[in-house]
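Undergrad: Sequence plus the predicted model coming up.
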Amino acid sequence: MQFNIRSLHRDFGYFFIGLIVSFSISGILQNHRQTWHPEKYTVEIRPIHVKLPQNEQEITEDFAKNLTKELGFKDKFRRNSIKKGELKISYEKHDVEIDIKSGKGEVVTFKKTPLIAQMNQLHKDTSIWWIYYSDIFALGLIFIAITGAMMFPRGKFSFKSRGWKLAIAGIVFPLIFLFVLA
């Protein structure tokens, strides 16, 4: 096997292709997570009616956690908030929304979307081994980008003639979004 820039570029590309595709798909899904939650789908919506304290200050995290037992499901508590007169409680497999004045609301039960949930987890995982592998992946992408730029022939389409301008534009474009349009 002969090692040159072209073969190294090809082999790194082949090695990382699965992760490139997974990160790309889950990245698109993450970009739109405010519009729809691609990671989970609704299984059941159940109306509820609960008695809430008269004073909003008494609706604490402990109160929200204890409400889990009242509602009759065992689930891992994530967070709670009160916005626009509504108590929202998020669990691992349930979302609860209750109108503070009336006590009426609903429990939404959902399941993880197969494959999509696992791909999205790639962006969230914080295990030390995954962080190391992600660092190796990032270095691999840098290598693929640099070797790809080096492989083009000389002439009007080379990196020296035209490629560097496109590379600069590719760097400036996201910076415009980050600092000007954000």
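TA: Now that the structure is in, tell me what you want to look at.

Undergrad: low-scoring stretches of the protein, by residue?
TA: 1-2, 35-36, 42, 152, 182 (pLDDT under 70).

Undergrad: If you count neighbours, what's buried in stretch 59-73?
TA: In terms of neighbour count (16 or more other C-beta atoms under 10 Å), stretch 59-73 has its buried residues at Ile59, Ala64, Leu67, Thr68, Leu71. Quick note: C-beta positions are derived from backbone N, CA and C, even for glycine.

Undergrad: And for stretch 26-40?
TA: Going by 16+ other C-beta under 10 Å, stretch 26-40 has these buried residues: Ser26, Leu29, Gln30, Pro38, Glu39, Lys40.

Undergrad: Likewise for stretch 96-115?
TA: Buried residues in stretch 96-115 (16+ other C-beta under 10 Å): Val96, Glu97, Ile98, Ile100, Gly105, Val107, Val108, Thr109, Phe110, Thr113.

Undergrad: coming back round to it: looking at the buried residues of stretch 26-40, which are in helices?
TA: Ser26, Leu29, Gln30 (DSSP state H).

Undergrad: In CSV: those residues, plus distance to Ala138.
TA: Converted to CSV, those look like this (distance: C-beta to C-beta, whole Å):
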residue, distance to Ala138
Ser26, 16
Leu29, 20
Gln30, 17
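
Undergrad: And the residue most central in space within the chain, how close does it get to Trp130?
TA: By C-alpha atoms, centre = their mean, the chain has its centre lying nearest to Gln30, at 4.1 Å. Distance, Gln30 to Trp130, using C-beta to C-beta, to the nearest Å: 16 Å.

Undergrad: which residues of this structure fall in helices?
TA: 5-31, 61-71, 116-124, 128-151, 164-176.

Undergrad: most packed of these?
TA: helix 116-124 (a mean of 16; mean count of other C-beta atoms under 10 Å).
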